[in-house]
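Q: model the following, please.
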Amino acid sequence: MTTKERIVETALELFSQRGYDGVSVRDIARAVGIRESSLYNHFENKRAIFDGIVDVCVRQSEVYFRESALPFDQGDDTSVYRGIGLEHLQELIERTFRFFFDDPWNARFRRLLLVSQYAEPRCRDIYQQLYRDKCIAVQAYIFSALMDAGEIRREDPLAVAAEFHGPMFMWIHTCDSFEEARPLIREHVEQFRKNYEWRPTP
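A: Take a look at the predicted model:
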């Protein structure tokens, strides 16, 4: 691991424990085991370190979704959701949301944003963008494709996505583990599928 990578990982751990405002550049340098002046050879300031953390976490999220053949952005292939039964659908949804619990970087990153969102506007904006707005936008894109294919009742895709994501958002932030969230997610998916007449086509 390079010094720059160690700085980012150490800063993430400290920020997730104390919040963004509760950690100084000196604290990070001391925890890494380097001089504060040496840290500035890699990052201009604390904000640059934070931006480095954001870049790493977003990149790792994209890698996970791409490797799992799951849509990550609007415009991605949605065929993985086409023509599948309930059990396969449950597996896909679980694979999607397990990442938020099991990935150690994402768990600490989410905690950092949660504890810092009221003191640091940038943390609040990123928190809302990544865990609310992006999720709903991608899910709306998926639901729109399924509506076009006749697999789900035609409604406003954004409204449907918000209804679907609301409970997921809550469980991501209130359950201690994926195993705690899993039965709640499965029940929600099954009920949602019934409510919206989600029927796969051959």
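
Q: what's next to the longest helix seen in the chain, contact-wise?
A: Ranked by residue count, the top helix of the chain under DSSP state H comes out as helix 46-67. Residues outside helix 46-67 that contact it (C-beta atoms under 8 Å, 6 or more residues apart in numbering) are 4, 7-8, 11-12, 15, 20, 23-25, 28, 43, 71-72, 96, 99, 103, 105-106, 109, 112, 122, 126, 130. The C-beta positions use only the backbone N, C-alpha and C, and glycine is treated the same way.

Q: repeat that with 6 Å
A: Residues outside helix 46-67 that contact it (C-beta atoms under 6 Å, 6 or more residues apart in numbering) are 8, 11-12, 25, 43, 72, 99, 105, 109.

Q: what are the phi and psi values at L158?
A: According to degrees, to the nearest 10, the main-chain angles of L158 amount to phi -70, psi -40.

Q: secondary structure element for the nearest residue to it once chain neighbours are set aside?
A: Counting by C-beta to C-beta, 6 or more residues apart in numbering, L158 lies nearest to A140, which is 4.7 Å off, once chain neighbours are set aside. Counting by DSSP states H and E, the secondary-structure element that holds A140 is helix 134-148.

Q: three-state assignment of D176?
A: Three-state secondary structure (criterion: DSSP: H, G, I helix; E, B strand; the rest coil) places D176 in coil.

Q: that one - how many residues pack around it?
A: Burial of D176, expressed as a neighbour count using other C-beta atoms under 10 Å, amounts to 8.

Q: start and end of stretch 70-78, how far apart?
A: Between the opening and closing residues of stretch 70-78 lies a distance of 8 Å (C-alpha to C-alpha, to the nearest Å).

Q: repeat for stretch 34-45
A: By C-alpha to C-alpha, one end of stretch 34-45 lies 15 Å from the other end.
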